[in-house]
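**Q** just need the structure, nothing else, for what follows:
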Amino acid sequence: MIRFVLPLIGIVVFYSESIFATFSPLEVAGDTRLLVPHFLVVFLLFLSFYYNRNTSYIYAFVFGLMYDVFFTGVLGIYMFLFPLLIYISALIFRLIYQNIVINGLVTLIMIALVEWIVYQFYLLIGIADMNVQTFLNHRLYSTLLFNAAFILIAAYPFKQWMSAVRFRQLED
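**A** Residues are numbered from 1 along each chain as shown. Down below sits the predicted model:
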């Protein structure tokens, strides 16, 4: 039974992104802000931090492919990026001590990296039509703030739940 809970939570997080994406764009003081939820990135990174890195690579690949199929017109970018984020975060944690605050900050950095790489890729193939300043002011900063709020809410429950699931599987 516990084996099916982890994919189920991943699917719920995956679909919750599309629900929260309906709040974007947001009008703030006459300025349009884009809020891009990256709850799946948070889930995958916390899965690699507190559960199992090898399992998180598989989830990152599968959910990246699903993300490409459902949300983007370009197949492969998220399927490549999600496992890459896990790998980069593993390299970072070889250098610094890992705790929940550092994990949250690294997750925010990885979200910024995803946004920047996808923006650069779309700029390269001619899909993006905004300049760098507009991207930073109207999309990146608000996206990071929105996802930081999600990390503040979800980090501790994710940590506790994934640690408990890992402990139960080690007992079996």
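
**Q** so what secondary structure elements neighbour the longest helix seen in the chain?
**A** Secondary structure of the chain read by DSSP state H shows that its longest helix is helix 141-171. Helices and strands touching helix 141-171, by 3 or more CB pairs under 8 Å, 6 or more residues apart in numbering; DSSP states H and E, are helix 2-20, helix 39-50, helix 100-125. For the C-beta atoms, the positions are set from N, CA and C on the backbone; glycine is no exception.

**Q** so which of those is the most packed in?
**A** Ranked by mean neighbour count under mean count of other CB atoms under 10 Å, these are led by helix 39-50, which reaches a mean of 24.

**Q** and the lowest-mean-pLDDT helix or strand in the chain, what does it pack onto?
**A** Lowest by mean pLDDT, DSSP states H and E among the helices and strands of the chain is strand 26-28, with a mean of 77. On a contact count with 3+ CB pairs under 8 Å, 6+ apart, strand 26-28 meets strand 31-33.

**Q** partner strands of the strand it packs on, with direction?
**A** strand 26-28 (antiparallel) (DSSP bridges).

**Q** hmm, who's touching the partner strand?
**A** The contact list for strand 26-28 (CB atoms under 8 Å, 6 or more residues apart in numbering) reads 32-35, 142.

**Q** out of those residues, who's nearest Tyr15?
**A** Taking CB to CB as the measure, Tyr15 sits nearest to Leu35 out of those, at 16.9 Å.

**Q** what's near enough to touch the closest one?
**A** So Leu35 contacts 20-21, 23-26, 142-143, 146 (CB under 8 Å, 6+ apart).

**Q** and what of Phe20?
**A** Phe20 touches 35, 37, 39, counting by CB under 8 Å, 6+ apart.

**Q** for the protein, give me the ranges with low pLDDT.
**A** Where the chain drops to pLDDT under 70, the residues are 1-2, 172.

**Q** what sits against the most centrally placed residue in it?
**A** By CA atoms, centre = their mean, the mean C-alpha position of the chain lies nearest to Val41, the distance being 1.5 Å. Val41 sits next to 82, 85, 107, 110-111, 114, 147 when contact means CB under 8 Å, 6+ apart.

**Q** then Tyr50?
**A** Going by CB under 8 Å, 6+ apart, Tyr50 touches 158-159, 162-163, 166.

**Q** going by neighbour count, which of those residues comes out on top?
**A** Within these, Phe158 tops the neighbour count with 23 neighbours, counted by other CB atoms under 10 Å.

**Q** any idea how far it is from Phe80?
**A** Distance, Phe158 to Phe80, using CB to CB, to the nearest Å: 24 Å.

**Q** this completes my enquiry, with thanks.
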